[in-house]
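Undergrad: task: produce atomic coordinates for the following.
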Amino acid sequence: MRFEILTLFPGYFRSALEESLLGRALAAGRLEIAVTDLRQFSRDRHRKADDEPFGGGPGMVLTAPVVAEAIEACRGKPPAWRVLLSPDGVRLDQATVERLAGRERLLLVCGRYEGIDERVRELGLFDEEISIGDFVLSGGEAAALVLIEAISRRVPGVVGKAESVERESFVRDRLDYPHYTRPREYRGLAVPEVLLSGDHAAIEKWRRARALERTRARRPDLLLRRPAEPGEEG
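TA: Numbers count the residues shown, from 1 in each chain. The predicted model follows:
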């Protein structure tokens, strides 16, 4: 799978793309990630990519020529699915992650400052707009990394054990069950006996019940999408 990122700050991604699962997946050729500086498309001799908003007001706006021409330069086959990271977008969820993981190429455009000139939208240069939550960031770079990390986990071979991906929070509209490891007891708190029993059916039943219990307590909205099923109750 290939990700292409358009940003004013290409250095933002350097360390994140060298570490952990992403770094190993890139080294193994399971992912491709290309980061392009939007300033390359500036016509200004100072490589300026933003300007003051018409009508006044605080902040700066990314100019239409820079953003539009950067997007149009990302040609290739298959055509990239073009995503603007924006607070105006649809809020990211696991269903969106899995849908995007089916794409071969994703072009992620990172907004900055007060946003982009509206005419880039009016030209139809985005296929989709995505927000990672109802809060404000300085730009779309952090959101792009969140999207890359989430989608990459759905690419075969990126995560060592495919089973661990299928059991993660939100994959089945449930939060994850509690996890324990050594030591068996810590500060008077013991690991639940069922996890030490070796009875895999009992362990699976316990895990499903605890996942439902945690979901009901912390994210009851998920139960509206998929109510409790027989066998989930403890």
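
Undergrad: what's the first helix or strand after the helix or strand bottoming out on mean pLDDT in the chain?
TA: The helix or strand with the lowest mean pLDDT-type score in the chain, counting by mean pLDDT, DSSP states H and E, is helix 162-166 (a mean of 58). Scanning forward in sequence from helix 162-166, with DSSP states H and E defining helices and strands, the next element found is strand 185-186.

Undergrad: can you report the mean pLDDT over the residues of the following helix or strand past that following strand?
TA: Reading on from strand 185-186 to the C-terminus, the next helix or strand found by DSSP H and E is strand 189-190. Mean pLDDT, taken over the full extent of strand 189-190, equals 94.

Undergrad: contacting residues around strand 189-190?
TA: Strand 189-190 is touched from outside by R184, with contacts defined as CB atoms under 8 Å, 6 or more residues apart in numbering. For glycine as for every other residue, the C-beta is placed from the backbone atoms N, C-alpha and C.

Undergrad: who does that strand pair up with?
TA: For strand 189-190, the paired strands and their directions (DSSP bridges) are strand 185-186 (antiparallel).

Undergrad: give me the mean pLDDT for the strand it pairs with.
TA: Mean predicted confidence for strand 185-186 is 94.

Undergrad: list the contacts for the residue nearest the centre of the chain?
TA: The geometric centre of the chain, computed from its C-alpha atoms, lies nearest to L147 (CA atoms, centre = their mean), at 1.9 Å. Contacts here follow CB under 8 Å, 6+ apart; on that basis L147 touches 83, 85, 92, 97, 100, 106, 108, 130, 132.

Undergrad: give the ChimeraX command for selecting the buried subset of those.
TA: To isolate in ChimeraX the members of those that are buried, counting by 16 or more other CB atoms under 10 Å, one can use:
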select :83,85,92,97,100,106,108,130,132
